[in-house]
Structure formats: structure tokens, C-alpha cells
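Visitor: got a predicted model here, sequence first, then my questions.
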Amino acid sequence: AVRRNDRRDRTMTDERKISVLRVTPAEAKRALLVLAGVVAWWCASWLAIGPSMEPRGPVFAVYVLLFVATFAGHYVARFPPLPPLLGQLVAGFVMRNVPGLSEAVGEAVDARCSSAMRTAALGVILVRAGLSLDVAAVYRLRWPAARLAFGPSTAEALTVALLAKPALNLPWTHCAVLGYLFAAISPAVVIPSLLRLQDKGYGVKAGVPALVMTAASVDVVYAIAGFGVCAGFLVTAAGGGASSAAWRAPTQIVGGALLGYLAGGALGAITPPDREVSPSVGSPDAFRAWEVPGETPARRAAWLLGMSLLILFAGAEAEMTGGAALGVIVASAAAAREWGALDAKACGGVLNVLWNDFAQPLLFALIGAAVDVSTLSGGEVGAGVGLLAAGLCVRGLVAFLAAGGGQLAFTERMFVAVAWMPKATVQAALAGLPLDAAIAYEGGDKNGPETKRAEVILALGVLAILITAPLGAAAVAVSGERLLKKAEASDEESNEQ
């Protein structure tokens, strides 16, 4: 009996230890197995490619960042509503700024390789945004969605740009870039919380989740296009900045949208939706000569992503990142329209797996590892926090006003203002672009004036994620059940119908 009690006490102690970490014994064993697999892959890769896979090697750095960020993301996800991207970002930041780890991993990341991988991750973001863009819902909610998508973002971008000039002493072009960097909402943080609230019936009767999700997709498109256009006015852009960007700004928007529509429409026509029965030749449903029937969701995703990356990298070479980003979103939406809702959703599911398991941890780890705290002053960080707070206050007020004029109650409009706060995905994808351009413009001189300014923009973008992503996710989850009305079962059924 004594032995049994001792065994029970040890088990209770182990359970208490595990509960603190929120890891069960089975999960701990699985983590050790995964770690063994990571080490085995590293050994095989080291034997295959040699010094690049050793500490301080560029391939080793990316390898470690990916797996450390993946682990950190999975662990942070155990503390809802904190988003996994927070752990991934912090993991990259630690790898860059902790002595020892910095030399072996953070500083070893090749700048050109990091830029290319972040651009590829941006491509995944844009394709997913285009596929999920419900054109019918945007048209149905066009006026409230337009007010909510354009009003708060424009107000925040103007506020941050105007205050950044005296606070950070940046040129006006950099202030405008920073304003649009801050302006985008993060669908990766907001939409999962909204879907959970919608499943519980909160705000369904008033249509709050549908309105916010629709406006969020348009907000992302607008912020990315605005950032790209403003970045074209930087002196690091091809052709000398503002003098050439004045005519390229409208050109890249119109050209990007047109190119995206043609490319996406062509891809959707070449890979048509599956038909249940193979029609006979000459019938209206017969496959045309240029069509490739029987494409799987994975192949459609591969075609669409490959085409999108071609547009993005070509746009980067031509210094038309805003038009290229808009073109990718339009191309994805055009292809989704050709495929139909079911095939587009299946294609999006493949890209969601790619995003969650690979692109997201790599993107946030790389952007965290790009921030060197030794290059920042306390005054710049304090000014960044002040700019973020001022922008969020103005954004929240304008979002509250933009949600008016309809059927939303006062508390529901307050919730919309709260839901319009989190920032993460777009900031991680865009914050490093000015630095990439500055490094190329100044020949890799880390002490050049344009590089220094771009480092400030990058650091403030990361700061915006660190502050608003966890606070915003928690605020949406907590305020949703308090500010939104829960629909009865009969109301939910009528809304579904």
C-alpha cells in the first residue's frame, strides 16, 4: 500500500509538471521523436552538402529557423487565443539577438535567399486572399464593406504618416510607406476568432462576421496595393523614386489588375471544373481543345502558385510590387470564379496546409531574425509605440463610424472597431521589402542612410505584430461574447437558408 501511494504521488507530481507545460506524456514522446527526425535530416543534409549545413552556414540557419519556429508556434497555440505566429516571430527574434545563437543562426541567413523566401510566402498569402475573396458577398455588402475596408485603413495610414515625420525624422516617402504598413488588418488573426464566434451563434443575426470577413479581404488588397505604390516613390526604387513613380503608380495598378484578370481567367479556362459525366463531342458541355480536364486541387494550387510567383518576382524586378501583388489577388479571384466554389475551396485547402506547415513559420521566423535590436535606439522604439497607439485610436474610431448607417447596434459597432485592430501577416510579408531594396541600392552597406531608415521601418513592423497580434486576438475572443448578441437556433437556421 505504501509503494502504491508513493507511485500515485509521483504520478500526481508528474501530472502537475506536465500541466504547467500543457504537454501530455504522449505529446512529449512525439516531440522527442520529431527532434530525432530533425537531427537525422540534418545529419543526412550535412553529409550531402557539407559546410553550408554547419553552424554559421546559410542552409543550416534556414533549417534551424524553420523547425524552431514550427515548434514555438505549436507551443504558443496551446494558450488560446494567442496565435501561433507570435511564437514563430519571437523564435526568429531570439535567434538573431541572443549571443551565440545570433552568430550560428540569425546572422548566417543569406539576405538574398531570405528576401526570395519572404516574397514566396507573400505569394501564398495573396493567392489565399484571392481564392477566399467572395465577389458576390463583396457586391452584396459593397457599401458597408467599402466604408469599413477603405475608411479606417486610410485614416490610420494618414495619421501614422503625418506623425512619423516629426517623431522619427523620416522623409515623407518613408512615412507614407510606414503608414500603409501599419494600415493592414491581419486575416490570420481575426478570421479564426470570427469563425469561432460564428459557430457559437454570436453576431450571426446581424451579419457581423460576414461583414468583417468580407471587408477584411478588401482591406488587405487595398493596404498591399497602397504600400506597393508608396514604396515606388522611395529613392531606392528603379528610376530615381518619385520622378518615375508618379506615372508608374497608376500604370502598375491598372496593368496589374488587367494582367491578373487575363492570367487567372486563362488558367481557369485551361483547367476547368470537373464534370460528373464526360460529355460527347459537340455537346455544350464538351471539353474544348485547350482544356485540361481532371486536374486535382493540388495541381490547380501548383499552377496558380507558380503563376503568381512569376508575377511577383517579375514585378519586383520591374519595381512594381504593388501592381504585381494586386495582379496575383485578381488572378486568384478570376481563376476561382472559373473553377466554381467547390474546386476553389479545395485548391485553397491545399494552400492552407502549405501556409500553416511551412510558409507561415518560415516567414515569421525570417522577419523576426531580420531585426537587430542593436541598431535601434530607445527613442525610435518609443516613437513607434506612440505611432501605433495613435494610429489604432484613429482606426478604431473611424471603424466604429464606418460600421454605422445600417442595422448594427452600438455594441456591435464597438466589436467591429476592436476586430479591426490586429496586425500580423501583411506586416510580416511587407516590412522587409524596403530593406531589401535599400541593401541592393547601397551595395550591401549596412551603415547607409537608406538602409538605416529601412531597418527602422522593419523593426516597427515587427513591433506592431508583437503588440497587436496577441492583444487583438484576445480582445476579439473576449469582447465577442460580451458585445455581440447570440442568435437562437431558429435565427441561425433562417440565416443559413
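Guide: Alright, I've got the coordinates. Here the structure is a predicted model, which means the values were calculated and not measured.
Visitor: so for the helix or strand Ala69 falls within, mean pLDDT?
Guide: Assigned by DSSP states H and E, Ala69 falls within helix 58-76. Averaged across helix 58-76, pLDDT comes to 94.
Visitor: right, and the helix or strand after that helix?
Guide: With DSSP H and E, the next secondary element past helix 58-76 is helix 84-97.
Visitor: show me what that next one is packed up against.
Guide: When contacts are defined as 3 or more Cβ pairs under 8 Å, 6 or more residues apart in numbering; DSSP states H and E, helix 84-97 packs onto helix 58-76, helix 101-104, helix 360-369, helix 425-430, helix 449-483. Every C-beta, even on glycine, is put in place using the N, C-alpha and C of the backbone.
Visitor: related to what we said a few turns ago, buried residues in the helix holding Ala69, which are they?
Guide: 58-76 (16 or more other Cβ atoms under 10 Å).
Visitor: same question, stretch 449-462
Guide: For stretch 449-462, by 16+ other Cβ under 10 Å, it's Glu450, Thr451, Arg453, Ala454, Glu455, Val456, Ile457, Leu458, Ala459, Leu460, Gly461, Val462.
Visitor: next one: stretch 370-385
Guide: Buried residues in stretch 370-385 (16+ other Cβ under 10 Å): Ala370, Val371, Asp372, Leu376, Glu380, Ala383, Gly384.
Visitor: state the pair within those residues that is farthest apart.
Guide: Ala370 and Ala383 (20.0 Å; Cβ to Cβ).
Visitor: show me where the stretch 201-350 of the chain has helices.
Guide: For the stretch 201-350 of the chain, the helices defined by DSSP state H, counting those that start in this stretch occupy 208-231, 242-270, 297-317, 321-339, 341-354.
Visitor: deepest in the core, which of the ones you listed is it.
Guide: helix 321-339 (a mean of 27; mean count of other Cβ atoms under 10 Å).
Visitor: so for that one, mean pLDDT?
Guide: On average, helix 321-339 scores 89.
Visitor: can you give me the angle that helix makes with helix 208-231?
Guide: Using axes from the mean of the first three to the mean of the last three Cα atoms, to 10 degrees, one finds that helix 321-339 and helix 208-231 are set 140 degrees apart in direction.
Visitor: ok so, going back, neighbouring contacts of the helix holding Ala69?
Guide: 31, 38, 42, 45, 49, 52-54, 82-88, 90-92, 95, 104-106, 108-110, 113, 117, 357-358, 360-362, 364-366, 369 (Cβ atoms under 8 Å, 6 or more residues apart in numbering).
Visitor: could you do stretch 339-350 as well?
Guide: With Cβ under 8 Å, 6+ apart, stretch 339-350 has contacts from 128, 131-132, 268, 271-274, 297-298, 300-301, 304, 335-337.
Visitor: between the residues you listed, which sits nearest Ser217?
Guide: Looking across those and measuring by Cβ to Cβ, the closest to Ser217 is Ser132, at 6.2 Å.
Visitor: go ahead and confirm that closest one touches Ser217.
Guide: Yes. Using Cβ atoms under 8 Å, Ser132 is in contact with Ser217, at 6.2 Å.
Visitor: and the nearest residue to Arg395 once chain neighbours are set aside, how many residues sit next to it?
Guide: Nearest residue to Arg395 in three dimensions, chain neighbours excluded: Glu156, at 4.1 Å (Cβ to Cβ, 6 or more residues apart in numbering). Other residues within reach of Glu156 by the criterion other Cβ atoms under 10 Å amount to 29.
Visitor: do you know how far Glu156 is from Leu392?
Guide: Counting by Cβ to Cβ, to the nearest Å, the gap from Glu156 to Leu392 is 7 Å.
Visitor: do Arg128 as well
Guide: 25 Å.
Visitor: could you do Val398 as well?
Guide: 11 Å.
Visitor: which residues do those two both contact?
Guide: Glu156.
Visitor: was I right about Arg337 contacting Gly268?
Guide: Yes. Counting by Cβ under 8 Å, Arg337 touches Gly268, with 6.8 Å between them.
Visitor: need the contact list for the most centrally placed residue in the chain.
Guide: Centroid-nearest residue in the chain: Thr425, 2.3 Å away (criterion: Cα atoms, centre = their mean). When contacts are counted by Cβ under 8 Å, 6+ apart, Thr425 touches Leu85, Ile125, Ser186, Pro187, Ala188, Val189.
Visitor: at 7 Å what do you get?
Guide: For Thr425, the contact set (Cβ atoms under 7 Å, 6 or more residues apart in numbering) comprises Ile125, Ser186, Pro187, Ala188.
Visitor: circling back: report all helices and strands that the host helix or strand of the residue nearest to Arg395 contacts.
Guide: Assigned by DSSP H and E, Glu156 belongs to helix 142-168. In terms of contacts (3 or more Cβ pairs under 7 Å, 6 or more residues apart in numbering; DSSP states H and E), helix 142-168 is packed against helix 172-183, helix 208-231, helix 378-402.
Visitor: relative to helix 449-483, how tilted is that helix?
Guide: 130 degrees.
Visitor: what comes up buried for helix 142-168?
Guide: So helix 142-168, judged by 16+ other Cβ under 10 Å, has buried residues 144-145, 147-164, 167-168.
Visitor: return the per-residue confidence for the residue lying closest to Ala428 once chain neighbours are set aside.
Guide: In this structure, Ala428 finds its nearest non-sequential neighbour in Ile367, 4.6 Å apart by Cβ to Cβ, 6+ apart. For Ile367, the pLDDT comes out at 93.
Visitor: how about Lys446, secondary structure?
Guide: Reducing the assignment at Lys446 to three states with DSSP: H, G, I helix; E, B strand; the rest coil gives coil.
Visitor: follow-up on the earlier one: which of the buried residues of stretch 370-385 sits closest to Pro99?
Guide: Closest to Pro99, out of all of these and judged by Cβ to Cβ, is Asp372, at 12.6 Å.
Visitor: tell me how many other residues surround Leu466.
Guide: 17.
Visitor: can you tell me, leaving aside adjacent residues, what's nearest to it?
Guide: Nearest to Leu466 is Leu89, by Cβ to Cβ, 6+ apart, at 6.8 Å.
Visitor: that neighbour contacts Leu363, correct?
Guide: No. Using Cβ atoms under 7 Å, Leu89 is not in contact with Leu363; the gap is 9.3 Å.
Visitor: more neighbours, the two?
Guide: The neighbour count for Leu89 versus Leu363, taken as other Cβ under 10 Å, is higher for Leu89 (31 against 28).
Visitor: can you pull the contacts of the more buried one?
Guide: Applying Cβ under 7 Å, 6+ apart, the residues contacting Leu89 are Phe364, Ile367, Gly368, Val462, Ile465, Leu466.
Visitor: closest to Ala210 among those residues?
Guide: For the contacts of Leu89, the nearest to Ala210 is Ile465 (26.3 Å; Cβ to Cβ).
Visitor: cool, thanks, talk later.
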